[in-house]
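1. model the structure of this input:
(2 chains)
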Amino acid sequence: MTNATADVEMAQGLISPAQRGTRAAVERMIREHDGWVRGVIFATTGRRDLVDDVAQHVWSQVWQRLDSLHDPRRLRSWLYAIARNAAIDASQERKRRGAVGLEHVADGLGDGGHPAPLRLLAGGELRETLLRAVEALPGLYREPFVLRHLEDWSYAEISGLLGLSVETVETRLVRARRLLREMLEGKVDR
Amino acid sequence: MSEPTHELERLISRHLDDEATADERRELNAHLRRDPAAAALFQEYADLDREVQGALRSALGRSPFRCVPPWQRTVRVLALAAAACVAVMFWSLPGRERTAPARQGTAQAGSWFAPLPAAGDTLVKRPARFDRPEIRFTRPRTDWVVIPSDTPGEFLVIEVSHVPTRTVRVHKDF
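-> Residues are numbered from 1 along each chain as shown, chains lettered A, B, ... in the order given. Model prediction:
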């Protein structure tokens, strides 16, 4: 049985009970999909501080609109649309309130072409720098990169969710890695 | 960026993502063996991938490991079952009082259930008659500490629940 077939069968067995209000089915759905949904929120906004709140909002929307999902095979793309829209709304709301934009994330990654040697940094500091670098990636590279690294998704799975060709996903992952390497040159301990 | 480097990066990326075919893996290995610079680049990308993956999973609430292998689940279940057996064993040790000590009204001084001394009484430190080993059962959400009292067969069980916490940034909103 292929992964895709298994996913569809799992979704079919999950959606109907969840639509009938079976709490265990809803909990299982959240447990199975929350990881990548959070990844999409992070990839779309580029901000970790929004992830918890937006994810909570997404699942409350899912709960309210679950009846509108008629085809269980579309569960992933349906969730993706809700998560992405909620993330975009949250980003725009944050900008309207005048909070700091995405520009802040590149702070500290380097100082005018003379990056500090981060191989000397402690684990927590290194992790923070890496996350800032991922946040600083352009959104179109960040999205496949986060899905790949957070969920170990294959190119085919990522392309299916994002509506891109497998070749485009591959190219974006190569470029994301190259950009990260350039941003962090000499900073990762080996 | 030169074409050969771009092709090498593509192969490395496919290899790290488990998407490389057998031919591509052979090609990459041959390249890495004959070119130390390529090997260094591969190592750099592999390190970066590993570190970023750990950072992302840790930051977004994912375990550094994607899922628990079945054998680990079995071990956990067996460990929990063993802990439960030990607890039952303590509970049913011979000599354990079957009635609640409070009802007896004469709980011994060494008992965890002995009444507290009245106000004004002097507490006299007395050495324990035997060592009181502490037995600890640890689970992700709860710890149990089992401490035997001086009275044989009587134990103090302390349950410590871990309080789940998360950080929420509070913004000023005027």
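2. what are the ranges of the helices in chain A?
-> Under the criterion DSSP state H, chain A contains helices at A:3-19, A:23-45, A:51-65, A:75-96, A:123-136, A:139-151, A:155-162, A:166-183.
3. lowest-confidence helix or strand of chain B?
-> Within chain B, no helix or strand scores below helix B:101-104, which has a mean of 47 by mean pLDDT, DSSP states H and E.
4. what's the first helix or strand after it?
-> strand B:135-138 (DSSP states H and E).
5. next, the buried residues of that next one.
-> By 16 or more other CB atoms under 10 Å in any protein chain shown, the buried positions in strand B:135-138 come out as B:Phe137. Every residue, glycine included, has its C-beta placed from N, CA and C.
6. after it, which helix or strand is next?
-> In N-to-C order, the element after strand B:135-138 by DSSP H and E is strand B:142-148.
7. flag every buried residue along that next one.
-> Counting neighbours by 16+ other CB under 10 Å, strand B:142-148 gives B:Val146, B:Pro148 as buried.
8. also stretch B:25-34?
-> Going by 16+ other CB under 10 Å, stretch B:25-34 has these buried residues: B:Glu27, B:Leu28, B:His31, B:Leu32.
9. restricted to helices, list these.
-> B:Glu27, B:Leu28, B:His31, B:Leu32.
10. including mean neighbour count, could the helices of chain A go into a markdown table?
-> Output for these, formatted as a markdown table (neighbours: other CB atoms under 10 Å in any protein chain shown):
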| stretch | mean neighbour count |
| --- | --- |
| helix A:3-19 | 15 |
| helix A:23-45 | 20 |
| helix A:51-65 | 17 |
| helix A:75-96 | 17 |
| helix A:123-136 | 19 |
| helix A:139-151 | 22 |
| helix A:155-162 | 19 |
| helix A:166-183 | 19 |
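11. just put those in a markdown table and tack on mean pLDDT and distance to chain B.
-> Formatted as a markdown table, the helices of chain A follow (pLDDT from 0 to 100; distance: least, CB to the nearest CB, whole Å):
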| stretch | mean pLDDT | distance to chain B |
| --- | --- | --- |
| helix A:3-19 | 67 | 13 |
| helix A:23-45 | 87 | 5 |
| helix A:51-65 | 88 | 6 |
| helix A:75-96 | 89 | 9 |
| helix A:123-136 | 86 | 4 |
| helix A:139-151 | 92 | 5 |
| helix A:155-162 | 92 | 6 |
| helix A:166-183 | 94 | 5 |
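12. on that earlier part again, ok, the ones in helices among the buried residues of stretch B:25-34 vs A:Asp89, which is closest?
-> B:Leu28 (42.8 Å; CB to CB).
13. quick one: residues contacting the residue lying closest to that closest one once chain neighbours are set aside.
-> The spatially closest residue to B:Leu28, leaving aside those adjacent along the chain, is B:Leu11, at 4.6 Å (CB to CB, 6 or more residues apart in numbering or on different chains). Applying CB atoms under 8 Å, 6 or more residues apart in numbering or on different chains to B:Leu11 gives the contacts B:Ala20, B:Glu24, B:Glu27, B:Leu28, B:His31.
14. rerun at 7 Å
-> Contact analysis of B:Leu11 by CB atoms under 7 Å, 6 or more residues apart in numbering or on different chains lists B:Ala20, B:Glu24, B:Glu27, B:Leu28.
15. can you give me the pLDDT of B:Ala82?
-> On pLDDT, B:Ala82 comes in at 88.
16. pull the CA atoms of the helix or strand containing it into PDB?
-> Using DSSP H and E, B:Ala82 sits in helix B:70-91. Output of helix B:70-91 as PDB, limited to C-alpha atoms (Å, rounded to 0.1, in the frame of the first residue of the first chain):
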ATOM      1  CA  PRO B  70       7.600   0.400  17.900                       C
ATOM      2  CA  TRP B  71      10.300  -1.300  20.000                       C
ATOM      3  CA  GLN B  72      10.600   1.800  22.200                       C
ATOM      4  CA  ARG B  73       6.900   2.000  22.700                       C
ATOM      5  CA  THR B  74       7.000  -1.700  23.800                       C
ATOM      6  CA  VAL B  75       9.800  -0.900  26.200                       C
ATOM      7  CA  ARG B  76       7.900   2.000  27.700                       C
ATOM      8  CA  VAL B  77       4.800  -0.100  28.200                       C
ATOM      9  CA  LEU B  78       6.800  -2.800  29.800                       C
ATOM     10  CA  ALA B  79       8.500  -0.300  32.100                       C
ATOM     11  CA  LEU B  80       5.200   1.200  33.100                       C
ATOM     12  CA  ALA B  81       3.800  -2.300  33.800                       C
ATOM     13  CA  ALA B  82       6.900  -3.100  35.900                       C
ATOM     14  CA  ALA B  83       6.500   0.100  37.800                       C
ATOM     15  CA  ALA B  84       2.800  -0.700  38.500                       C
ATOM     16  CA  CYS B  85       3.800  -4.200  39.700                       C
ATOM     17  CA  VAL B  86       6.300  -2.700  42.100                       C
ATOM     18  CA  ALA B  87       3.700  -0.300  43.400                       C
ATOM     19  CA  VAL B  88       1.200  -3.100  43.900                       C
ATOM     20  CA  MET B  89       3.900  -5.200  45.700                       C
ATOM     21  CA  PHE B  90       4.600  -2.300  48.100                       C
ATOM     22  CA  TRP B  91       0.900  -1.900  48.700                       C
END
